[in-house]
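Asks: Return atomic coordinates for the entry below.
(chains A and B)
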There are 2 protein chains.
Amino acid sequence: MHIREFQKMMRRLYFHRDSERGSAGTYDWLVDEVKELGDALNARDKAELQKEFADVIAWLASLANVTGVDLERAAVAKYDHKCPKCGRSPCECNF
Amino acid sequence: MHIREFQKMMRRLYFHRDSERGSAGTYDWLVDEVKELGDALNARDKAELQKEFADVIAWLASLANVTGVDLERAAVAKYDHKCPKCGRSPCECNF
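Replies: Numbering: from 1, shown residues only, chains lettered A, B, ... in the order given. Alright, predicted model coming up:
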């Protein structure tokens, strides 16, 4: 599924709630889901880990919907088959 | 771009670094990028906001690579054109 298609699906499912909640409230949900992803990393339960990855990208897409950002366009604009810092693939940055 | 293709691109660009850093270190980077996204929401600079969304999905894809999760499969498995809690589209959950 394209990133854009996933974002549009999230819009169909949740925009009525996301738009009421607004960007700050939606961001708070995203932060909570990132914490849950961290907990799932430690628990090492693969099925649970997959669900938490799903929740993080879902809330990221919801936040993009609320803020009017095209997540796919943003992602490909910055990471266009090369590192945005060194311009190489693979990245050759010294960090 | 498909979610899976984006994840593969991140693998080509960064897996040599991501695998050395490991899941805990990569998760810490993701958390930092989520904080920067929060700052960009407050700053209301649209170009900067788009870059921060790109960084969050990029580090999420890197973390998925390090932990062996197929981000697209995980996302579509949980959010398959309906809310995973109420089974409806749009979501009709009471929360």
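
Asks: Could you name the specific helix or strand carrying A:Cys83?
Replies: For A:Cys83, there is no host helix or strand (DSSP states H and E).

Asks: same deal with A:Gly87?
Replies: Counting by DSSP H and E, A:Gly87 is found in no helix or strand.

Asks: Quick one: neighbours of it, just the number.
Replies: Residues contacting A:Gly87 under the criterion other CB atoms under 10 Å in any protein chain shown number 10. (Glycine included, C-beta is placed from N, CA and C.)

Asks: For it, what are phi and psi?
Replies: Backbone geometry at A:Gly87, expressed as degrees, to the nearest 10, gives phi 80, psi 10.

Asks: now it: how far from A:Glu5?
Replies: Plainly put, A:Gly87 is 29 Å away from A:Glu5 if you go by CB to CB, to the nearest Å.

Asks: what does stretch A:58-69 rub up against?
Replies: Here stretch A:58-69 makes contact (CB atoms under 8 Å, 6 or more residues apart in numbering or on different chains) with A:6-7, A:10-11, A:14-15, A:18-19, A:21-23, A:26-27, A:29-30, A:33, A:70-71, A:74, B:37, B:41, B:46, B:49-50, B:53, B:56-57, B:60, B:75, B:78-79.

Asks: contacting residues around A:Met9?
Replies: A:Met9 makes contacts with A:Met1, B:Tyr79, B:His81, as judged by CB under 8 Å, 6+ apart.

Asks: Can I have the buried ones of those residues as a ChimeraX selection?
Replies: ChimeraX command restricting the contacts of A:Met9 to the buried ones, with burial defined by 16 or more other CB atoms under 10 Å in any protein chain shown:
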select /A:1 /B:79
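
Asks: Would you reformat the contacts of A:Met9 as CSV and include pLDDT, distance to A:Glu92 and secondary structure?
Replies: Conversion of the contacts of A:Met9 to CSV gives the following (pLDDT from 0 to 100; distance: CB to CB, whole Å; DSSP: H, G, I helix; E, B strand; the rest coil):
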residue, pLDDT, distance to A:Glu92, secondary structure
A:Met1, 98, 31, coil
B:Tyr79, 97, 36, coil
B:His81, 95, 41, coil
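
Asks: out of the contacts of A:Met9, who's nearest B:Asn94?
Replies: When the contacts of A:Met9 are compared for distance to B:Asn94 (CB to CB), B:Tyr79 wins out at 19.0 Å.

Asks: how about the helices in chain A?
Replies: For chain A, helices defined by DSSP state H occupy the ranges A:3-43, A:46-67, A:71-78.
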